[in-house]
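> sharing a sequence plus its predicted fold:
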Amino acid sequence: MKKIITAFIFLIPLVSHAQTDVLILKKNGKNIKIYAPGQPIIFETIYEQWLGGTLTDLRNDSVFINNIPFHVREIKTMRRDFTNWNYQTDGTILIIAGVGVLFLNVANGIYTHENSGSWVRTSGWIVSGALILGGLLLKRARYKNYPIGKKYTLQYMNIRVESPLYEKDPVLKPTEPAKQPDAH
């Protein structure tokens, strides 16, 4: 029984896949983000279409998004979403609050029968401007685009090599041991 269990333990690695291929987004040679199957991904193709979804597989220099294949060279821009906070909603709320501060200052000026030039004071302009500017900045900070080219590169790392390189490319040949010259 011990021999069967030992043989089973040693045969499991032969049929299991330990690692998958990865896609690495680099900036000047330094890793920014590493994509593996199962992660969300958003990118723009060279045909100027934005695609997003779950990265289902990486195989033979192809990226599979929801089981639809794309070659790595078809990717023009990578987008990285910052989804920890809800930047879009928070930015909209700040913009509405800034406009609301201005509206309340105007309504208060009309209610108290003040001159139209003194409805909004300097503090009201500063507060509403800061809220509107903060909202616009939050809406822009929701994601960041990385255009693939000189500064940003996309590297496909093939970890699971199924067949040797010399079988795929006839130019490459397996190394052979050095032959000793014949001594006469």
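Good, I have the coordinates. The structure displayed is predicted, hence computed values, not measured ones.
> all strands of the protein, in order?
Assigned by DSSP state E, the chain shows strands spanning 22-27, 30-35, 40-45, 50-59, 62-65, 68-71, 75-81, 143-147, 152-157.
> and those: which comes nearest residue 109?
Closest to residue 109 of the strands of the chain, according to CB to CB: strand 143-147, at 39.7 Å. Every residue, glycine included, has its C-beta placed from N, CA and C.
> tell me which residues are up against the closest one.
25, 27, 32, 42, 44, 76-82, 152 (CB atoms under 8 Å, 6 or more residues apart in numbering).
> could you work out the most separated pair of those?
Taking CB to CB, no two of the contacts of strand 143-147 sit farther apart than 76 and 82, at 20.9 Å.
> those two: who's more crowded?
Counted by other CB atoms under 10 Å, residue 76 and residue 82 do not tie: residue 76 has more neighbours, with 18 against 10.
> center of this structure, which residue is that?
residue 80 (3.7 Å; CA atoms, centre = their mean).
> redo the strands of the chain as CSV? Include mean pLDDT and distance to residue 5.
CSV is the format used below for the strands of the chain (pLDDT from 0 to 100; distance: least, CB to CB, whole Å):
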stretch, mean pLDDT, distance to residue 5
strand 22-27, 88, 34
strand 30-35, 88, 37
strand 40-45, 90, 40
strand 50-59, 89, 33
strand 62-65, 89, 37
strand 68-71, 89, 41
strand 75-81, 85, 47
strand 143-147, 83, 50
strand 152-157, 86, 35
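> turn these into CSV, including distance to residue 100.
Formatted as CSV, those follow (distance: least, CB to CB, whole Å):
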stretch, distance to residue 100
strand 22-27, 40
strand 30-35, 38
strand 40-45, 33
strand 50-59, 33
strand 62-65, 41
strand 68-71, 45
strand 75-81, 29
strand 143-147, 27
strand 152-157, 40
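> what mean pLDDT does the longest helix along the chain get?
Identified as the longest helix of the chain according to DSSP state H is helix 87-111. Summarised as a single mean, pLDDT over helix 87-111 is 83.
> mind checking the strands of the chain for the one nearest to residue 129?
The nearest among the strands of the chain, by CB to CB, is strand 143-147 at 24.8 Å.
> ok, the closest one: who's next to it in the sheet?
Neighbouring strands of strand 143-147 in its sheet, by DSSP bridges, are strand 75-81 (antiparallel).
> relative to helix 87-111, how tilted is the partner strand?
60 degrees (axes from the mean of the first three to the mean of the last three CA atoms, to 10 degrees).
> convert strand 75-81 to CSV, retaining C-alpha atoms only.
Taking Å, rounded to 0.1, in the frame of the first residue of the first chain, the C-alpha atoms of strand 75-81 are listed here in CSV:
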residue,chain,number,x,y,z
ILE,A,75,-2.9,45.6,-28.0
LYS,A,76,-2.3,49.3,-28.4
THR,A,77,-3.1,50.6,-24.9
MET,A,78,-3.6,49.0,-21.5
ARG,A,79,-5.9,50.5,-19.0
ARG,A,80,-5.6,50.1,-15.3
ASP,A,81,-8.7,50.7,-13.2
